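[1] Here is a sequence together with a model predicted from it:
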Amino acid sequence: MKHFKIYSRSQEKNKAIKQGFSYPALIFTPIWAIVKGMWVAGTIILFLTLARYTFLILFAKHYPFIDQILDLPLLIISLVFGFKGNKWWESILTSRGFVLVDSIEAINQEQAINQYNYKLHEKYALTNQ
């Protein structure tokens, strides 16, 4: 089971954010950042990735170790996003008006949101009896 924090804002779907390390942020760093609303960071990382490939195409014949040198900064950035990405996403959600409403243990995000919605339904049913 994983630990999720549930964020809510009126008239929008609830968001479940897994606590801890984010493998999607590690593996798909620029895409993950853009999808989660970190436009500037995602665009910069995407640009750096494209620049890396351009340098490899242009200079790999002359400098055999350039790929390792160019991989290191991108690896460090990806690791930082893996460790900090979910916290940053929480900050973005709260800056957009989302409020932390619950903390739930679940297998995945969908189950966490379903458990939260079920709790709300039960609470509503009890108060309207």
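    Yep, that arrived.
[2] where's Asp102, which helix or strand?
    strand 99-106 (DSSP states H and E).
[3] Taking strand 99-106 as reference, get the angle to the next helix-or-strand element following that strand.
    For strand 99-106, the succeeding helix or strand toward the C-terminus, using DSSP H and E, is helix 109-127. Here helix 109-127 runs at an angle of 110 degrees relative to strand 99-106 (axes from the mean of the first three to the mean of the last three CA atoms, to 10 degrees).
[4] Helix 109-127: which residues count as buried?
    Using 16 or more other CB atoms under 10 Å as the test for burial, helix 109-127 gives 109, 111-113, 115-116. For glycine as for every other residue, the C-beta is placed from the backbone atoms N, C-alpha and C.
[5] Also stretch 75-90?
    Using 16+ other CB under 10 Å as the test for burial, stretch 75-90 gives 77-78, 81-82, 85-86, 88-90.
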